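[1] Got a predicted structure here, sequence first:
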Amino acid sequence: TRLLFQMGTYTVQEFLEFFFRAAVDLPEGMTPETGVSLGLACLMTAAMPTAALGGWVSDRCLGGRRKAVVQGAALVMAAASVGAVAVPMDLTRMLGTLSVFGLGYGCFLAVDFALLLDVLPAREEAAKDVAVWGVAMTLPQMLATPVAGVLLDTFQRVGKERDGPGST
């Protein structure tokens, strides 16, 4: 699941500039690059407190039931993602949506890591097992953009074929 989660994260992150250009009503003079930078700053700022809070809640309030916290965080991220494409976006709404996504993201990452440490089979093998998990976090960085590029090209080609000659 870590590989798929990270694949989704890096697929969206690498194409976020194009989304800002096409779907976000930016203020006059603001570039999509600046909008993405502001958005990622909001996301990471919102993620920091929920990373600490999510770990604390899963440890002390839920008796170590981390799965429920991870699932709740994933639902927050999914809701923000759907909202980003379902509602017309100006910069303020997009920054708010990315902040909500960040609330789920910080909690998800922290508690997911704690869950990993809980399920390690043997302390003596921990380094090897965490290294495999690390590969699942970094491999998508190399794969996401080319895979998403092929998908984007394919869907654009299909759309142009469906719309007929002369479509753009």
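    All right, it came through fine.
[2] contacts, neighbours, all on C-alpha from now
    Noted.
[3] And the contacts of the helix or strand where residue 55 lies?
    If you go by DSSP states H and E, residue 55 is part of helix 32-56. By C-alpha atoms under 8 Å, 6 or more residues apart in numbering, the surrounding residues in contact with helix 32-56 are 16-18, 20-21, 26, 69, 91, 94-96, 98-111, 114.
[4] Report the buried residues of the biggest helix by length in the chain.
    Scanning the chain for the longest helix, with DSSP state H as the assignment, gives helix 126-163. By 16 or more other C-alpha atoms under 10 Å, the buried positions in helix 126-163 come out as 129, 136-137, 140-141, 144-145, 148.
[5] which ones among the contacts of helix 32-56 are found in helices?
    Per DSSP H, the subset of the contacts of helix 32-56 in helices is 16-18, 20-21, 69, 91, 94-96, 98-111, 114.
[6] Geometrically speaking, which residue is the centre of the chain?
    Nearest residue to the geometric centre of the chain (C-alpha atoms, centre = their mean): residue 9, 3.7 Å.
[7] Helix, strand, or coil at that one?
    helix (DSSP: H, G, I helix; E, B strand; the rest coil).
[8] mind listing what residue 110 touches?
    51-52, 54-55.
[9] one more time with 7 Å
    Residues near residue 110 by C-alpha atoms under 7 Å, 6 or more residues apart in numbering: 51, 54-55.
[10] Next, the buried residues of the helix holding residue 55.
    So, applying 16+ other C-alpha under 10 Å, buried residues of helix 32-56: 32, 35-36, 39-44, 46-48, 50-51, 53-55.
[11] rewinding a little: just put the buried residues of helix 126-163 in JSON lines and tack on distance to residue 73 and pLDDT.
    Output for the buried residues of helix 126-163, formatted as JSON lines (distance: C-alpha to C-alpha, whole Å; pLDDT from 0 to 100):
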{"residue": "129", "distance to residue 73": "24", "pLDDT": "80"}
{"residue": "136", "distance to residue 73": "20", "pLDDT": "80"}
{"residue": "137", "distance to residue 73": "18", "pLDDT": "79"}
{"residue": "140", "distance to residue 73": "21", "pLDDT": "81"}
{"residue": "141", "distance to residue 73": "22", "pLDDT": "81"}
{"residue": "144", "distance to residue 73": "22", "pLDDT": "81"}
{"residue": "145", "distance to residue 73": "25", "pLDDT": "79"}
{"residue": "148", "distance to residue 73": "24", "pLDDT": "81"}
